[in-house]
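K.L.:
dropping the sequence and predicted coords here.
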Amino acid sequence: MTTKEIDKSQYQAMKIAAKARKIKLSAEQDLYKKVDPYFFSAFYFIEYHTIRDGKVDVTLDITVKYHRFDELQYSIIHPDSPLRFTDKIRANSGALCHAAFPRLHQVFDFDEENIPQLCEDILDFLEKYCRDFLEMVEKEYGDLANYYIAHKEINPRLAGLACLDKGDYEGAAECFSHPAMDGATSIWSVTVYTDEQRHRAEANGKNIFNDRFHRSRQEQFYDYAIALQNGLEWTSDRAMYGLLPEERN
């Protein structure tokens, strides 16, 4: 078979194998399943060019997260635009809470005449990987939130969300101001419409040009934690234009 034929055969086989385990499969090769309170997903890519001696490399991007973190993160970034999260959006969209582990490259047995077995092997590996991870988390940290918090130097955004989830706003602010916090390069180009919005932007040191300025997601996360610490409602103006000096104190 050609690579294209193998790929088509593999996709159909994975669709059947995943459905039998109540796992969903997208056309983009995302496998995902919601099991309260978790959401599991994995993007997989079979490196057909590596086939040799009955073996093939498979690239895997695996995610284990609390599904409620998707809504929590989205509410910080878009407080006035609620979104109904489907499993597909949680697995593969710009709105999801990214929580993937470092990319894995795993070797599997490969038989061109038995593609379904490769699919079963991939699913077996993913289920064991996630099961072993959660068993380790429960044994060593108690829960997934504590795991994130214990590894805040690696992913302070997830640690900050975990702190928010526990009602620890001060801890969340500390995480969101961590040097390793992502979002610094995720930039909004924000338009100023009102005097209050201009005042907020200028109070946050923004250079406004043609009624526009730049604001990062990192700034939004930090301001959100401070706003909750000070008992403030999180509004679109506070999210996009920043907190006033008196709101930070």
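P.N.:
Structure's in. What do you need? Numbers count the residues shown, from 1 in each chain.
K.L.:
contacting residues for the most centrally placed residue in the chain?
P.N.:
Closest residue to the average C-alpha location of the chain: His98 at 1.2 Å, with C-alpha atoms, centre = their mean. With contacts taken as C-beta atoms under 8 Å, 6 or more residues apart in numbering, His98 has the following neighbours: Thr63. Yep, even glycine has a C-beta here, placed from its N, CA and C like the rest.
K.L.:
quick check: the gap between it and Ile46.
P.N.:
Using C-beta to C-beta, to the nearest Å, one gets 23 Å for the distance from His98 to Ile46.
K.L.:
follow-up on the earlier one: phi and psi next, for the residue nearest to the centre of the chain.
P.N.:
Its backbone dihedrals place His98 at phi -70, psi 120, with angles given as degrees, to the nearest 10.
K.L.:
and what of the one 4 residues further on?
P.N.:
Dihedral angles phi and psi of Pro102 (degrees, to the nearest 10) take the values phi -50, psi 150.
K.L.:
what is the burial count for it?
P.N.:
When counting by other C-beta atoms under 10 Å, one arrives at 7 neighbours for Pro102.
K.L.:
retrieve the pLDDT associated with it.
P.N.:
With respect to pLDDT, Pro102 scores 95.
K.L.:
relative to Ala162, how far out is it?
P.N.:
Shown here: Pro102 relative to Ala162, a distance of 19 Å by C-beta to C-beta.
K.L.:
what's the answer for Met14, then?
P.N.:
As it turns out, when the distance is counted by C-beta to C-beta, Met14 lies 33 Å from Ala162.
K.L.:
between those two, who's got more neighbours?
P.N.:
Under the criterion of other C-beta under 10 Å, the comparison of Met14 against Ala162 puts Ala162 first, with 27 against 23.
K.L.:
give me the secondary structure label for Leu134.
P.N.:
Following DSSP: H, G, I helix; E, B strand; the rest coil, Leu134 is assigned to helix.
K.L.:
could you measure from it over to Gly167?
P.N.:
23 Å.
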